[in-house]
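1. task: produce atomic coordinates for the following.
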Amino acid sequence: MVSGGGGTGAGGRRLGAVTAEEFVLAATEPGAVPFVPEITLRMAADPFGLWERTEVEWAGREWPAGGIADIASGRATALPPPFWAFPWAGGQGLARYVLDNPGTVAGRAVLDMASGSGLVAIAAAKAGAARVTATDIDPLALSAVRVNAAANHVAVTVRSRDVRAGGGGGEAPEVVLVADAFYERDLAEQTLALLRRAEDGGARVMLADPGRAFLPTSELTAIAEYEIPVVAALENADSKRVTVYGLRC
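-> Numbering: from 1, shown residues only. As a prediction, this is how the structure comes out:
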């Protein structure tokens, strides 16, 4: 069961005759998350094929003639990658930690920032959180969270919020979770600032990351480490070492 809330009603948005939810369902298949098999997600087999499909079928843009090479070189612009269609390393690690340590979220109000597929939010709900809010800026991600939460028989409230704008999740959370959010400088700085404000407001903050370029390790305290299987086409590796952190007081 998934409840909508605030922000954009992604499930109702249409481009032509296709809603965000219909696109998510058509572009993915359900499967168990490799490191968190208790959770099923809608996932895509081909990341770059889905990226192209998102551009052409969802956004209505023409995919550049040079494909991914043109995008990588800056000769063409594209939508952000479909982060919602894959179980990223940090999300798998944080979801695993939450499920193995349910006391971190049980009975508490939880906010999952930049939720993507909703993996971490779903883990929090399964671990007994009193209520879970998942936020993201991508309307397809918001629909993916709804679909995935329903498939896992948990309640997650979905809100459209941009981390860069300081977006929160409505009511003040007691626990804030975020994974894989430190791959761009501005995003990393905004995320850390938002996490600091949440902690100052009394929330417990936990994050997970496989050591991306802008991870502020000097500000963090390691809690747990995992070796996580990942999509080789996205990570240029078969696995990534993921650390779960708390903020350093």
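
2. next secondary structure after the helix ranked longest in the chain?
-> Longest helix of the chain, by residue count under DSSP state H: helix 185-200. Sequence order places strand 204-209 as the next helix or strand after helix 185-200, per DSSP states H and E.

3. angle of that following strand against helix 185-200?
-> Angle of strand 204-209 versus helix 185-200, following axes from the mean of the first three to the mean of the last three C-alpha atoms, to 10 degrees, is 150 degrees.

4. quick one: low-confidence ranges for this structure?
-> Applying pLDDT under 70 to the chain flags residues 1-17, 56-80, 163-171, 249.

5. one more time with 90, if that's ok
-> Scanning the chain with the threshold set as pLDDT under 90 gives 1-20, 23, 45-83, 137-139, 161-172, 183, 187, 230-237, 248-249.

6. hey, where'd the strands end up in it?
-> 2-4, 14-15, 18-19, 29-33, 36-43, 109-113, 131-136, 156-160, 175-179, 204-209, 220-229, 239-247 (DSSP state E).

7. how many residues are close by the nearest residue to residue 131 once chain neighbours are set aside?
-> If the residues on either side of it in the chain are set aside, residue 131 comes closest to residue 109, at 5.2 Å by C-beta to C-beta, 6 or more residues apart in numbering. Yep, even glycine has a C-beta here, placed from its N, CA and C like the rest. When counting by other C-beta atoms under 10 Å, one arrives at 20 neighbours for residue 109.

8. residue 216: neighbouring residues, count only.
-> When neighbours are defined as other C-beta under 10 Å, residue 216 has 17 of them.

9. do residue 192 as well
-> For residue 192, using other C-beta under 10 Å, the count is 21.

10. so who does the closest residue in space to it that isn't next to it in sequence touch?
-> Using C-beta to C-beta, 6+ apart and skipping residues adjacent in sequence, the residue nearest residue 192 is residue 216, 5.5 Å away. Each residue near residue 216 by C-beta atoms under 8 Å, 6 or more residues apart in numbering is listed here: 182, 188, 192.

11. before we move on, back to that, the longest helix of the chain: which residues count as buried?
-> Across helix 185-200, burial judged by 16 or more other C-beta atoms under 10 Å covers 187-188, 190-192, 194-195, 198.
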